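1. one predicted model, sequence on top.
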Amino acid sequence: MANIPQTIDSTAQDTPVELLELIRAIDALPPQQRLTLQPALNRVVESSSRRRKILSMVQEALGQLRLDMKYLVFDLEATRRERDRFEQQIKDLTDENPME
């Protein structure tokens, strides 16, 4: 199984322990059985890696969304304070200069 050890080296840090165990178990099989299982195993390893990358991207996007939401809430609160201050200024001006 020439491709599998290379796959293990390149993704060992990201590959789940169970998948590494499966790879080792398949490596221990006779050559004919390994050749039969190799394509499916390669697809599983690639799929696992792809899912991990997607999960990482989703987590990063969620982190950015949380940060963006904090900025938006801050901006909303600042806008409300500004509105309230302007409303108070208008009220103060109309109280000082009542229309007759």
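-> Arrived safely, thanks for sending.

2. how far does whichever strand or helix holds E21 sit from its chain's centre?
-> Element membership of E21, judged by DSSP states H and E, is helix 17-27. Relative to its chain's centre, helix 17-27 lies at 27 Å (Cα atoms, centre = their mean, to the nearest Å).

3. next up, phi/psi of L67, please.
-> According to degrees, to the nearest 10, the main-chain angles of L67 amount to phi -60, psi -50.

4. do you know how far it is from V45?
-> Here L67 is placed at a distance of 33 Å from V45 (Cβ to Cβ, to the nearest Å). C-beta coordinates here come from the backbone N, C-alpha and C atoms, glycine included.

5. compare neighbour counts for the two and give me the winner.
-> V45 (22 against 10; other Cβ atoms under 10 Å).

6. next, the angle from the helix or strand hosting the more buried one to helix 17-27.
-> For V45, the element it lies in under DSSP H and E is helix 31-96. Angle, helix 31-96 to helix 17-27, by axes from the mean of the first three to the mean of the last three Cα atoms, to 10 degrees: 160 degrees.

7. list the contacts for P16?
-> Contact partners of P16, counting by Cβ atoms under 8 Å, 6 or more residues apart in numbering, are S48.
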